[in-house]
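Enquirer: Here's a sequence, model it:
(3 chains)
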Amino acid sequence: MSQPLLEIKNVKKHYQVKSKNIFSTQKNNVHAVNDVSLTINEGETYGLVGESGCGKSTLARVITGLIKPDSGRVFIDGEDFLQLKGKSLRDKRRTVQMVFQKPYESLNPKMTIGEIIRAPFDIHNVYHKREREEKVKELLDLVGLSEKYMSRYPHEFSGGQRQRIGIARAIALHPKLIICDEAVSALDVSIQAQVLNLLDELQKEFKLTYLFISHDLSVVRHVSDNIGIMYLGEIVETGDADTIYSSPKHPYTEALLSAIPKAHPKQVKTQKILEGDLPSPINPPEGCKLNTRCPHVMSICKTKPNLESIKEKQKVACYLYNDQR
Amino acid sequence: MLRINNLTTSFKINKKLYPAVKDINITLEKGETLCIVGESGSGKTITSLSLMQLLPSNGEISSGEIIYKDQDITKFGKKKMNKLRGKSISMIFQDPMSALDPVYTCGYQIKEVLDFHENYTNEEKVERVISLLKQVGIPHPKNIYNAYPHELSGGMCQRVVIAMALACDPDLLIADEPTTALDVTIQAKILKLLNDLKEQRNLSILLITHDLGVVAEMADKVIVMYAGEVVEVADINTLFDHPKHPYTKGLIGSVASISSKGNQLYSIPGKVPSITEMPKGCRFNTRCPLASDKCFIERPELEFVTDHTSQEVRCWNVDTVGGKQNEPASLRNKKCKKTLSSQK
Amino acid sequence: MLKFILKQIFVAIIQILIVATIVFSLLRFMPGDPAVLALGTERGSDPEAVQQMREQLGLNEPFLTQFADWIAGVFQLDFGQSLFNNVQVWDYLASSIPKTLELAIAAIIIGSVVGVTLGILASINRGGMIDKLATSIAAIGLSFPVYITGTAFVLILSIQFNLLPSSGYVDFFDDPIGHLKSLIMPSFAISLPLIASITRMTRSSMLEVLDRDFVRTLRAKGLSEKIILIRHVLRNAVISVVTVIGLEMANLIGGTVLIEYMFNWSGLSTLLVDSINSRDYPIIQGAVIIIASFYILINRTVEIIYGLMDPRTR
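Expert: Below is the predicted model of the structure:
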């Protein structure tokens, strides 16, 4: 296989927060993303799953170049994205686009739909000015909206339609990679299905690659070829979606998957409940981040396990499977 | 225990009254969990707020009765209603972080319910609050008693809200999207907690949700709402095994799940009509794959289905007891299936 | 909490020091020799007398020494003497600070009580008659400058009906009732715009809190509307109102010149304006520092109260 479309190596991003309490003000490190590596091949959909605060959105912002990581490298098409400057950076940015969670908040309320979708053309100065109008119509048609909507404003649309507009804007410049950050989470099920189908059609038509970020495990399962499970800024398990969903290895993945509500009332399931709630990413536990809640915790878990292959298509960061002792 | 008869709640928009929910009928027995499912705009929250009489100022119950323990509570005055709320019927909401007053401690806010409804001494109240916190699975209840809401996670806040709702041993708990704002693992825990509490206390739960997964986990009986109307009522297994209404079928088909992998999802085209522009006839006619001329003219009634005694549907295209049919049932069912599968 | 308070005090001291430094340097670098000024036009042209005066005022010392001496004095409330007579600057200040404070506090009390009440009434009657009335009062209060309302008060209350003295300060210990009578008009005149802004703030933050989700939870708990409004809604709304009251209070300490002149109530701002007119530098310095210190202290106090009222900021 040729080189992967996106390769992230050891990306790390910590934030400093000041936490005030009654006795003192202290600076804490938030480990938003901690030493994450992942690879996405062209044309596939990579699902990134995790609960709130696990760092999945920070990672998305690092990939789009909105946030500079503290360390690590991001390769897009084999080029180190973080080293690029000037025009080559701008060109590279065109290949990565994002679809956001809240379709309303990510559209400028004072611009018409036509202007919003045309903006990428104007900014990157592609197509002749007269052509742009035509291109916008084409895009609207692609996402299933009528061209008569061009002169309307975002508030006149429903959530699903706004998300279609967001998608039209994202595909305007023919990107290779689209990052969907909780792109369907705010939508009703029937609308969610419409948008998921649209994304699927577009992928087939333009050979798009998706990085699909979501907390909804069923949706991720539906769309993904490969997935990564994040917990407190680290990927704890990654690999082929079918393999992971059918035989999860990491205790966190097991707990997460068993928490999915059943699809049918007669379905029998055993729930694996982790003790306590998600710890805050401020000053997380040393070593394996799950060691405060894991039912199988051992003394070695005080040191950080590496993500190691256990099968051809499955990597786990857990001492139960990796004999690194 | 609770019966809602022909409830219609209307909203004043630009000085005109529009019914947000129309002719709702609900019965709920003791110890039963009833789920109301629907998408946004279906009127499920309005139904629950009508029940609690907590409607916003431009909304009002325009007709119907709500019979709770043989009394019509729509006729209750403010004072009588206040005595009922929080004591016999209590409610939990979607976003636990914003459901608590940020300037008081969690313990105080739970105790406040007891202050209002019960005659305990202060020590008894504090003791009860701590035991409630323990019951909803909060570790170190004494510390949480003195914690402010912003110091707790969403899951913890929801537990506090649940403890508050249970403070006076209510008979009925209304839960409006109680886990929508929470992560899956936390959701699983909260749902389990609600189920346990229901068992322990023989509690009736009216659960409002858009998530069919939550329905499958929790419900005994399900009401499907669309555009302010009840379109289907059934017990949980019947609903998942033999959904009748095209909307219910669409809803179940839309859910992305493990088994849907690789396929196109069934999707209902279009969107819920707005309250000011309700279509004539059946309200689902704008999105229904089976809609015939009749559906655009005459409004179907909610009627019992011929082959399942416990199932009611509001649709011209389903065989119902006393319903007028357009064509033989066998043919129609085939057609229905075909339309669905061709969409898949 | 103690730590928080100590921190606020520390911040206040630093801020006062910075103000003192700025005030001191500004006056040093301004054109015009204070020594010449102090001597007056006639003797100021005599270089020998000027030199003598400079020595007497300590102007010959190096800048930093002057500054250190002056700062040390400031912390002992020794601001030096007036340039024109031998009266201590502190004596001037000491006689005007109480008047200013009295006026400001009276106005703030009237403004807060009336403003908060109107704001609450307006918010619970949203869109109703009381709401319209209260918002109109607020609009009127904001649109008339104090010298118009002050004059109107004098015309109506003292000249037309002869109820209150038109102007003049009466010492409290000479005539307590006369003193209070003379306080009424100026404090009411000042409080009108306060009532306006506090009403608006109370109304809007009450409405904002009423829209929050937890109010619905409280209703679902079965609490009575009165308890919800006072114990919860007002308690949350008042946090932002306190900030406005504090800011207004701080503004009043140095910003009541017009009313002070009109009612012959010579407080801090009158002293400041007079001393600027006569270029009496030590008094200007003293007055500015006192006004600034009050401003800072009030702001820090507001910060502390804010911390006490809102657990999230602690």
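Enquirer: For chain A, what's its nearest residue on the stretch 101-250 of chain C.
Expert: residue C:239 (17.1 Å; CB to the nearest CB). For glycine as for every other residue, the C-beta is placed from the backbone atoms N, C-alpha and C.
Enquirer: Quickly note the distance from that residue to residue C:205.
Expert: With distances taken as CB to CB, to the nearest Å, residue C:239 is found 8 Å from residue C:205.
Enquirer: Comparing these two, which shows the higher neighbour count?
Expert: residue C:205 (22 against 19; other CB atoms under 10 Å in any protein chain shown).
Enquirer: Was I right to think the more buried one contacts residue C:244?
Expert: No: look at residue C:205 against residue C:244 with CB atoms under 8 Å: they stay out of range, at 9.2 Å.
Enquirer: Okay, now the unreliable bits of the stretch 1-150 of chain C?
Expert: C:31-32, C:38, C:41-44 (pLDDT under 70).
Enquirer: how about the residues of it near chain A?
Expert: Residues of the stretch 1-150 of chain C lying close to chain A (CB under 8 Å from any CB of the partner chain) are C:1, C:3, C:4.
Enquirer: Name the member of these with the most neighbours.
Expert: residue C:4 (18 neighbours).
Enquirer: Ignoring the adjacent residues along the chain, who's closest to that one?
Expert: Computed as CB to CB, 6 or more residues apart in numbering or on different chains, the closest residue to residue C:4 that is not its neighbour in sequence is residue C:307, at 5.5 Å.
Enquirer: again with residue C:186
Expert: residue C:263 (4.3 Å).
Enquirer: Nearest to chain B: which residue in chain C?
Expert: residue C:222 (3.3 Å).
Enquirer: Name the SS class of that residue, please.
Expert: Following DSSP: H, G, I helix; E, B strand; the rest coil, we place residue C:222 in the coil state.
Enquirer: residue contacts, it?
Expert: Residues near residue C:222 by CB atoms under 8 Å, 6 or more residues apart in numbering or on different chains: B:82, B:83, B:84, B:85, B:86, B:87, B:113, B:116, B:117.
Enquirer: Give me the distance between the third one and residue B:172.
Expert: Using CB to CB, residue B:84 is found at 10 Å from residue B:172.
Enquirer: Are we agreed that residue A:211 is in a helix?
Expert: No: counting by three-state DSSP, residue A:211 falls outside a helix, being strand.
Enquirer: Isn't it up against residue A:177?
Expert: Yes: using CB under 8 Å, residue A:211 makes contact with residue A:177 at a distance of 6.5 Å.
Enquirer: Name the residues contacting each of these two.
Expert: Joint contacts of residue A:211 and residue A:177 (CB under 8 Å, 6+ apart) are A:6, A:40, A:63.
Enquirer: Just the ones of the residues you listed in helices?
Expert: residue A:63 (DSSP state H).
Enquirer: For the residue nearest the centre of chain A, which residues count as its bridge partners?
Expert: Centroid-nearest residue in chain A: residue A:213, 2.8 Å away (criterion: CA atoms, centre = their mean). Here residue A:213 sits in beta bridges with residue A:48, residue A:181, going by DSSP bridges.
Enquirer: Can you show me the strands along the chain?
Expert: No chain was given, so I picked chain A. A:6-20, A:25-40, A:45-49, A:71-76, A:79-80, A:96-99, A:177-181, A:209-214, A:226-231, A:234-240, A:308-311, A:314-316 (DSSP state E).
Enquirer: that's the other chain; I wanted chain B
Expert: Going by DSSP E, chain B shows strands at B:2-13, B:16-28, B:33-37, B:59-68, B:71-72, B:89-92, B:172-176, B:204-209, B:221-226, B:229-235, B:303-304, B:312-313.
Enquirer: Comparing these, which yields the minimum mean pLDDT?
Expert: Across the strands of chain B, strand B:303-304 has the smallest mean pLDDT, namely a mean of 86.
Enquirer: Relative to it, what are the paired strands and their orientations?
Expert: strand B:312-313 (antiparallel).
Enquirer: circling back: pick out whichever of the contacts of residue C:222 sits closest to residue A:163.
Expert: Proximity of the contacts of residue C:222 to residue A:163, judged by CB to CB, is greatest for residue B:85, which lies at 37.9 Å.
Enquirer: any idea how far the closest one lies from residue B:207?
Expert: In terms of CB to CB, residue B:85 sits 18 Å off from residue B:207.
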